[in-house]
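need the 3D shape of this:
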Amino acid sequence: MRFTKPAWVMHKDSSSRDQTKRHSMFSCHVHPDGSRIATGGLDAKVRIWSTKPILNANSEASGRPPKSLCTLTMHTGPVLTVRWAHSGRWLASGSDDEIVMIWDLDPSAKGKVWGSDEVNVEGWKPLKRLPGHESDVTDLAWAPGDRYLASVGLDSKVLIWCGFTLERLRKLELHQGFVKGICWDPVGEFLATSSDDRTVKVWRTKDWELEAEIKKPFEDSPGTFFRRLSWSPDGAHITASNATNSGGYVFIAAVISRGSWTSDISLVGHENTVEVAAYNPHIFLRDPSQPVMASNICSVVALGADDRSVSVWQTKSARPLIVAKEVFERQIMDLSWSMDGLNLYAVSSDGTMAAFSFDPDELEGLAPLSVQEKYLTKFGFTPPPLPEGFSHVSQRLADQRMTPPPSPKRAERAMSQDTAHSAFDTGVNGFGGERVNTLVAKRNTKKKRVQPTFMGSLGAPIVPSAANHDLTAVVSRPPPSAGTVTNGRSFHEVTGIASSSRIQQQVSTSTVQSPIAASSSFAESLDFSLDLQYPPGDEDIDMSTDVQISSLDTSGKAGKGKRKANVVDFLEDRPIKPRTLGGDRVRETVAVKEISGVSGANAAVLVSQALASASYESSLAGRLPIPSLLNYIKATVEGSEDVLEGRNYEDGDKPTEVIYVSGKQTQWLDYLSSPVLGLTATSTFCAVATQDGSLGVYSPTGRKIMPIVSLGSPCSVISSSKNMLMVITWSGSVHVWDVKKQHALFPPTSLFAVLGTSPNCTVLSASVRPNGAPVIQLSTGVAYTYDTSLLAWSKLSDGWWAEGSDSWSGRQRGNAQVAARGPVSSVESSIAERIPPVDAVKERPNWWGDALTLGHLESRMHAAKALDSPQEYKQALVLYAKKIADQAYRAKAEELIKELFGPVYWRPGREETWSTTVLGFSKRDLLKDVLAVFARSKTLQKLAADWQDMLKKAAHES
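Okay, here's the model as predicted:
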């Protein structure tokens, strides 16, 4: 086994000066041909890398093929999952922007990445956005044969999409917590999902109903970023992550048996929670000389855990094949095997990737994929037929080439004929979509003209993407009809990247039968291992982005009379390029340093002296973060890569500058009379706080959209979110404004009420929510917000709850997971990192656990309402109801029911003191969930049944 950790595989901020800073990587997946691997990260980008330089030192040194192939930038939030279709045709990605994106190969998209110095060697275009989730998308999985695509997320939903038309087919809603893992049965009969409700659910694909719910090994499982699970290639087992034994003290991966759906086998050894499980795609034979039967089959599974280690197990052995300890600095987020079964890739939240390469004799008994396909037929499951006229798989001739598209003229002619016989028929079997004609510029250095090319919609029968975008020639043949195949260019010829068979020859001299070549049906038809030729050493891959477009063809036609007026004629009179304020200035690299003289610390002394006039605020001096006066500070614009910069100069002759930069272009600038202490920016405004206690607010184009505000003392903290802006001054005053409406949410409020008189209590962090609620975290382990209705500070969370609450889960979660959780969970996680471990031996009162759990959940519901977090409110409400039901607290149950039901004879307009909704949820809809929980309690069953009847009557009468 060989191990490598390529330093150049990283997600970074291309606009940042520090190019060595790594963003967390959350997901990776190897293309079915093994030639490339996709990764998703905290930078909201999907990156595609060539695997040959990872596995082969000579290839890495020569730069052939290129290391980085493509950067995809359509997501607006961290990319949490990437998955290639089994055909290799499409790439699916899911993000915390709640969107699933489908990408398709687009050779015309090669070139420089907008706003950075990166270059795309190959292009991938966004084929379709799949909205539907109401929160972060945490995992994706393609069904066998790409019949379906399944997605799961923090909205507790499982969405099923057609793998061909990409339309949504089903929504499965039985989970009661965040869903963080999904996998398909290789037979295609079942789908498994794993959730924070501490269950694994198995669904039938024939009717999408629940087949089984597995709870036992997950009852004490802690919270983790992911719960990625995997199904064995023989269909016999599911290995699920984040399971525990011995009351939660032993971390395991649970092996669930098919049919009985019980977990009698555990993979024990990791010192922290297992985050991800991934089976090798091949079946392994215990004795290769014996026939293929259940008793002679075993599997290989890899586990990645929060203890920063990777283990690989073979199910015929009680001990792991390998354990790679401390491979990363932080927890493992995802694992992916290459289709040949000999390479394992892992990514971590520390922003690095590792690759493990095995020799065939190290993984003894590896069987070709054709053996798996034949073995799976014993289950007798018949998958549903494919949509007529749709396919991910190209028809092939003996030379295994993809079919080229028709020429533009032929396509136009075909459109005028009977569409039932056209290869671009968009109405086949009712799956058709809208036909779209698009003008696509053709690269042609000899003849400069625009070539119109017909681009079929998703409703059309799918031809290979490489053929769809062949830009080197126009084929003057009609579209191939059924049973007809023409020669064309392959997927790899377009991209210039080799398949895994070439890579393996470089990595190891040992040979193994190609599993893809051995497969005789679907796996064989995927057309992965194609014969490729790399460019010779003296040739470079074409990375040019200049496409010459002209509406005139002047070759050989000069002097033959007047030509007709053309759009090009008007280009000579077009206006000059619009100017930007400061756009012509050259950007300079600035070494960040503290400016001597009146620094932040010195100014703090001046402020504390000014406040020492017997005012209670004098005790706040030095207990708030004091920003140093730097010569350069910046803030990244929320939701984009644009940057707001501030430049201070020691030379008094130079004024302070504020600069807004998009890419490398200065969009606007302004000069200020006082040095800049703090900056913040969103998509709707930019704010600048200066040392003289002033605050300026600009629009994204640089217009002052609010008058300059005097704060009374310099800024200590400045934060923004959406339309909200918060400033905390050195004197402890908290200001929050709605910039769009240009009004304050509440009068300036002092932090003295929460900081008190103790000098040991300091502010660790402060931020503002999109609803304007400030979030103040203190060194004492308490977080506060300001309640505008009560005109008082209220607690969001307290480390006290960790002493005995069963629902305190922040301790098991790491920093890298904050981005994918709600605000209340993020606050609890931050508190959990600073509080000491709970003394389990310490004697407690009898009702200690119940009292703290109920109090914690009640506090969490109030916090969710204050921070406008609907999903966290609903989750806390359900947990609260379960605790009441478990302990049979009838009085509490009845009071909660009445609070949600409201007045029995309520009608709109009659009872203004009672609201029908909370955080957008109907209270009576929430009551249905609560009553469903109470109905499972023997003590509360009658109470729940009575109120369920009452709900039905109220719904009927309204």
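
which residues are in contact with residue 880?
Neighbour list for residue 880: 854, 857, 858, 861, 896 [criterion: CB atoms under 8 Å, 6 or more residues apart in numbering]. The way it works is simple: take the backbone N, C-alpha and C, and place the C-beta from them, glycine included.

what strand or helix carries it?
With the criterion set as DSSP states H and E, the secondary-structure element containing residue 880 is helix 870-887.

send the alpha carbons of that helix over as CSV?
C-alpha atoms of helix 870-887 as CSV (Å, rounded to 0.1, in the frame of the first residue of the first chain):
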residue,chain,number,x,y,z
PRO,A,870,-37.9,27.6,12.5
GLN,A,871,-36.3,24.2,12.0
GLU,A,872,-34.5,24.4,15.3
TYR,A,873,-37.7,25.4,17.0
LYS,A,874,-39.6,22.5,15.6
GLN,A,875,-36.8,20.1,16.5
ALA,A,876,-36.6,21.3,20.1
LEU,A,877,-40.4,21.2,20.4
VAL,A,878,-40.5,17.5,19.3
LEU,A,879,-37.6,16.6,21.7
TYR,A,880,-39.4,18.5,24.5
ALA,A,881,-42.6,16.6,23.8
LYS,A,882,-40.7,13.3,23.8
LYS,A,883,-39.2,14.1,27.2
ILE,A,884,-42.6,15.0,28.6
ALA,A,885,-44.0,11.7,27.2
ASP,A,886,-41.2,9.6,28.5
GLN,A,887,-41.6,10.9,32.0
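
in the following helix or strand past it, which residues are buried?
Scanning forward in sequence from helix 870-887, with DSSP H and E defining helices and strands, the next element found is helix 890-901. For helix 890-901, burial by neighbour count (16 or more other CB atoms under 10 Å) applies to 892, 893, 896, 897, 900, 901.

also stretch 258-271?
Applying a neighbour-count criterion of 16+ other CB under 10 Å, the buried positions in stretch 258-271 are 258, 261, 263, 265, 266, 267, 269, 270.

likewise for stretch 162-171?
Neighbour-count burial for stretch 162-171, with 16+ other CB under 10 Å as criterion, is recorded at 162, 163, 164, 165, 166, 168.

where's the third one relative to residue 57, distance?
Using CB to CB, to the nearest Å, one gets 41 Å for the distance from residue 164 to residue 57.

now do stretch 903-921: distance from first to last residue.
Taking CA to CA, to the nearest Å as the measure, stretch 903-921 stretches 17 Å from start to finish.

which strands or helices does the helix or strand in which residue 60 is found pack on?
For residue 60, the element it lies in under DSSP H and E is helix 57-62. Packed against helix 57-62, as judged by 3 or more CB pairs under 8 Å, 6 or more residues apart in numbering; DSSP states H and E, are the following elements: helix 52-55.

and the contacts of residue 880, which is closest to residue 197?
Each of the contacts of residue 880 was scored against residue 197 by CB to CB, and residue 857 proved nearest at 15.2 Å.

just to revisit the earlier point, nearest to residue 62 among the buried residues of stretch 258-271?
Scanning those for proximity to residue 62, where the rule is CB to CB, the winner is residue 270, at 38.5 Å.

make sure I have this right: the closest one is in a helix.
No: with DSSP: H, G, I helix; E, B strand; the rest coil as the criterion, residue 270 is located in coil rather than a helix.

how about the nearest residue to it, chain neighbours excluded?
Counting by CB to CB, 6 or more residues apart in numbering, the nearest residue to residue 270 once its immediate chain neighbours are dropped is residue 305, at 4.1 Å.

ok, residue 55 to residue 37 distance?
With CB to CB as the criterion, residue 55 and residue 37 are 10 Å apart.

residue 111 too?
According to CB to CB, residue 111 stands 22 Å off from residue 37.

okay, the two: which has more neighbours?
When neighbours are counted by other CB atoms under 10 Å, residue 111 and residue 37 differ, and residue 37 comes out ahead with 26 against 16.

and the host helix or strand of the more buried one, how far out from the chain middle?
With secondary structure defined by DSSP H and E, residue 37 is part of strand 36-41. Put simply, strand 36-41 sits 12 Å off its chain's centre (CA atoms, centre = their mean, to the nearest Å).

pairing partners for that strand, with directions?
Strands adjacent to strand 36-41 in the sheet, as given by DSSP bridges, are strand 25-30 (antiparallel), strand 46-50 (antiparallel).

of these, which is nearest residue 247?
strand 25-30 (30.3 Å).

state the mean pLDDT of that closest one.
When pLDDT is averaged along strand 25-30, the result is 96.
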